[in-house]
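In: 3D model of this:
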Amino acid sequence: MHYFPIAFPFLLLLFLLFVFLLILIEIDVLSYAYERMGIHRRYVFSLLLLSLLGSYVNIPVYQLPPEKVMSGGKAVFFGMHYVIPLVREWPGTIIAVNVGGAVVPTLLSIYLLVKNRLNGRALLGVAAVAVIVHLLAYPVPGVGIAIPPLIPPLLATAVGLLLSWQYAPALAYICGTLGTLIGADLLNLGKLQGLGAPVASIGGAGTFDGIFTTGILAVLLASFMTGKRKSSPPSGGK
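Out: Down below sits the predicted model:
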């Protein structure tokens, strides 16, 4: 049940991106982006690390009727290589919830929703992203449902800016993560039977890369498109 959802080269890329983000945090770039979203800089590192490491953990919630499942190897979709876990005597597809790609982003989205009081606009934005992502989602044998990884962050940024210039960073995160989880995973649960996936993880393989990059790119883009950091007032003078 526990495995990283994407192949090592791509996982390494995400890790290098994470290291790059740590540098941005140190020079106050990413911290500023998350503070605009409503998260204090001291929590930025923990949230990013928890999301990345949490992608390894899947919580089983349901089992589909028994069928022959694929075991081991990789599946390729839109240039991304997704891991098919190696299993033996597996009863059928297990529906699971990925901690890093579903639990952490959902809890953070709820926090931002309540903190910024974005109920109406967030609902509209999540629905818009969910519809578009649902149309682009594709069933991948052995994996489950997959989407092009850059679609969620680009959609989230556009929707966030359209709905509210002031709250674009928070809306980008909420709409990008929840819209992807709903549109790609939840609305396609009926298509999982017959794909032969040992584990179909909500927020895991097929959608984790899109959700993780949404938490980075959408917030960063929306933050800097809505204005630059205010400079400190000059000391002295009249």
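In: Near the nearest residue to I182 once chain neighbours are set aside, how many other residues are there?
Out: Once flanking residues are discounted, I182 sits nearest to A130: 4.3 Å by CB to CB, 6 or more residues apart in numbering. In this view, the C-beta of every residue, glycine as well, is placed from N, C-alpha and C. A130: 21 surrounding residues under other CB atoms under 10 Å.
In: Pull out the buried positions in whatever helix or strand A130 lives in.
Out: Assigned by DSSP states H and E, A130 belongs to helix 119-136. Residues 121-122, 124-130, 132-134 are the ones in helix 119-136 that count as buried (16 or more other CB atoms under 10 Å).
In: contacting residues around that helix?
Out: 113, 147-148, 151-152, 155-156, 159-160, 163-164, 167, 171, 174-176, 178-180, 182-184, 187-188 (CB atoms under 8 Å, 6 or more residues apart in numbering).
In: among the residues you listed, which are in helices?
Out: 113, 151-152, 155-156, 159-160, 163, 171, 174-176, 178-180 (DSSP state H).
In: before we move on, the earlier item: tell me which strands the very next helix or strand once past the helix holding A130 pairs with, and in which orientation.
Out: Remark: after helix 119-136, the chain's next helix or strand is strand 138-140, criterion DSSP H and E. Next to strand 138-140 in the sheet, as set by DSSP bridges, lie strand 144-146 (antiparallel).
In: what's the residue closest to the geometric middle of the chain?
Out: Closest to where the C-alpha atoms of the chain average out (CA atoms, centre = their mean) is I211, at 1.4 Å.
In: Quick check: pLDDT value at that residue.
Out: Per-residue confidence (pLDDT) for I211: 86.
In: Do I have it right that it meets V104?
Out: No: if you go by CB atoms under 8 Å, I211 and V104 don't touch, sitting 9.4 Å apart.
In: Alright, I will stop here.
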